[in-house]
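# Sequence first, predicted model second:
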Amino acid sequence: MVISVCTPVLAQSPSMTKYDAAEMRAESGRLADLSFPFTALELGFFSKFNNVLFRPSGGVADQRFPALVLLHTCGAMRERETRYWVKAGLDKGFVVLAVDSLRGNDTNCNFPLRVESGRRIKDAFDALNHLAKLPFVDPGRIFVAGFSQGSFIASLLSSAEVAAAFAPPSNLRFAAAAGLYGHCQYPAGSLRGVSYQIDIVRSDIDRPLLLLMAQLDNETPPESCEAVLPLLKSRGAPVESHIYPDTTHCWDCVTLDGRVKTDSRGAQIVYRFDQATTDNSRQRVFDFFMR
């Protein structure tokens, strides 16, 4: 669960401390940069996915493909779920890079985060800049999709202020972003003795953003978006959203189907894999990108 993001979409209390893009940028230097490959592989039965680059089979000489960066949840990258999304991208003709930000940690779900939000944001921008240099990638068609904590990062990548802090010197931006089973805003609370309004979807979004959420998700409840998204849409922000009825958090997590856990708030969380929702979310994501 990301908790180190804050610039309110709605009015901010004078007593609240603003957690801004400059602080996120400062976080990014606390761990070493990731290394990404220059050689792309074709997907195989024994493929590994952590920071591995894949390209579609076939193609013509000098062809430049669109590209997709995948951002995992707060847990370790799971092979079956990652394979599903890598294959989905390849089937649509995308080069795919699944970024593993955990750096050997088993989890990044509890505070203090082992890999802070700013570091994950920079990992995504580093992946973007790496892909843009490859001769078989179209630098104007690089997209990002994130899951749970990765969804929060994808949302932040759509912010003009965050991009200004992270994108130079290349000033490259993702063409569009999709977030699956994330949400928009945490309620106000205290963090390290300081009061924070913790917002994920920001008022300065200037890149297309698709948010797919689940009605029964009590880990990242879609209710946090009820006031935020209509306001942004009324202002013309390039944001689209959809809530799947009778669906839980992590609907594509086939390896976690039936998992029950108690979170830090004492809430009981249940995961239910849903193949139809998984396939529909894949369709929505790629339709959105290809528009």
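That came through, no problem. Numbers count the residues shown, from 1 in each chain.
# State the three-state secondary structure for residue 140.
strand (DSSP: H, G, I helix; E, B strand; the rest coil).
# Who are the contact partners of it?
residue 175 (Cβ atoms under 8 Å, 6 or more residues apart in numbering). Yep, even glycine has a C-beta here, placed from its N, CA and C like the rest.
# Low-confidence bits of the chain, can you list those?
Applying pLDDT under 70 to the chain flags the ranges 1-19, 187-197, 264.
# For it, which segments are assigned as strands?
Secondary structure of the chain (DSSP state E): strands at 53-54, 65-71, 95-99, 137-147, 177-180, 189-191, 194-196, 209-214, 239-244, 260-262, 268-270.
# isn't residue 125 right next to residue 165, touching?
No - using Cβ atoms under 8 Å, residue 125 makes no contact with residue 165, being 9.7 Å away.
# Spell out for me which residue occupies the centre of this protein.
residue 146 (2.6 Å; Cα atoms, centre = their mean).
# you'd agree it is up against residue 158?
No - counting by Cβ under 8 Å, residue 146 sits too far from residue 158 to count as a contact (10.7 Å).
# where do the contact lists of these two overlap?
Here residue 146 and residue 158 have residue 177 as joint contacts, going by Cβ under 8 Å, 6+ apart.
# hang on, the earlier thing: which one of the strands of the chain has the most crowded surroundings?
Greatest average neighbour count among those goes to strand 177-180 (a mean of 29), per mean count of other Cβ atoms under 10 Å.
# tell me what that one is packed against?
strand 137-147, helix 149-157, strand 209-214, helix 275-290 (3 or more Cβ pairs under 8 Å, 6 or more residues apart in numbering; DSSP states H and E).
# Just put these in TSV and tack on distance to residue 105.
As requested, the helices and strands packed on strand 177-180 are exported to TSV (distance: least, Cβ to Cβ, whole Å):
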stretch	distance to residue 105
strand 137-147	17
helix 149-157	13
strand 209-214	26
helix 275-290	26
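# any idea how far residue 236 is from residue 144?
Residue 236 sits at a distance of 22 Å from residue 144 (criterion: Cβ to Cβ, to the nearest Å).
# same deal with residue 291?
Noted for residue 291: a distance of 16 Å to residue 144, by Cβ to Cβ.
# I'd like to check which residues are in contact with the spatially closest residue to residue 201 that is not a sequence neighbour.
Excluding the flanking residues, the one nearest residue 201 by Cβ to Cβ, 6 or more residues apart in numbering is residue 184, at 4.2 Å. Residue 184 makes contact with 9, 155, 199, 200, 201, 211, 224, 225, 228, 229, according to Cβ under 8 Å, 6+ apart.
# Take the residues you listed and keep only those in helices.
Counting by DSSP state H, the part of those found in helices is 155, 228, 229.
# Can you tell me which of those residues comes closest to residue 60?
Using Cβ to Cβ, residue 155 comes nearest to residue 60 of those, at 35.7 Å.
# what about residue 47, neighbour count?
For residue 47, the count of nearby residues is 15 (other Cβ atoms under 10 Å).
# you'd agree it is up against residue 80?
No - contact between residue 47 and residue 80 fails when scored by Cβ under 8 Å: they sit 11.9 Å apart.
# roughly how far apart are the spatially closest residue to residue 79 that is not a sequence neighbour and residue 152?
Using Cβ to Cβ, 6+ apart and skipping residues adjacent in sequence, the residue nearest residue 79 is residue 49, 6.5 Å away. To residue 152, residue 49 is 21 Å away according to Cβ to Cβ.
# Please name the bridge partners of residue 269.
Assessed by DSSP bridges, residue 269 has beta-bridge partners residue 261.
# need the contact list for it.
Taking Cβ under 8 Å, 6+ apart, we find residue 269 in contact with 218, 219, 249, 260, 261, 262, 263.
# and residue 267, how many neighbours?
11.
# meant to ask about residue 257
Look at residue 257: counted by other Cβ under 10 Å, it has 13 neighbours.
# swap in residue 230?
12.
# contacting residues for it?
By Cβ under 8 Å, 6+ apart, residue 230 has no neighbours at all.
# Can you lay out the strands of the chain as JSON lines showing distance to residue 25?
Converted to JSON lines, the strands of the chain look like this (distance: least, Cβ to Cβ, whole Å):
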{"stretch": "strand 53-54", "distance to residue 25": "26"}
{"stretch": "strand 65-71", "distance to residue 25": "18"}
{"stretch": "strand 95-99", "distance to residue 25": "18"}
{"stretch": "strand 137-147", "distance to residue 25": "18"}
{"stretch": "strand 177-180", "distance to residue 25": "19"}
{"stretch": "strand 189-191", "distance to residue 25": "18"}
{"stretch": "strand 194-196", "distance to residue 25": "18"}
{"stretch": "strand 209-214", "distance to residue 25": "21"}
{"stretch": "strand 239-244", "distance to residue 25": "24"}
{"stretch": "strand 260-262", "distance to residue 25": "33"}
{"stretch": "strand 268-270", "distance to residue 25": "32"}
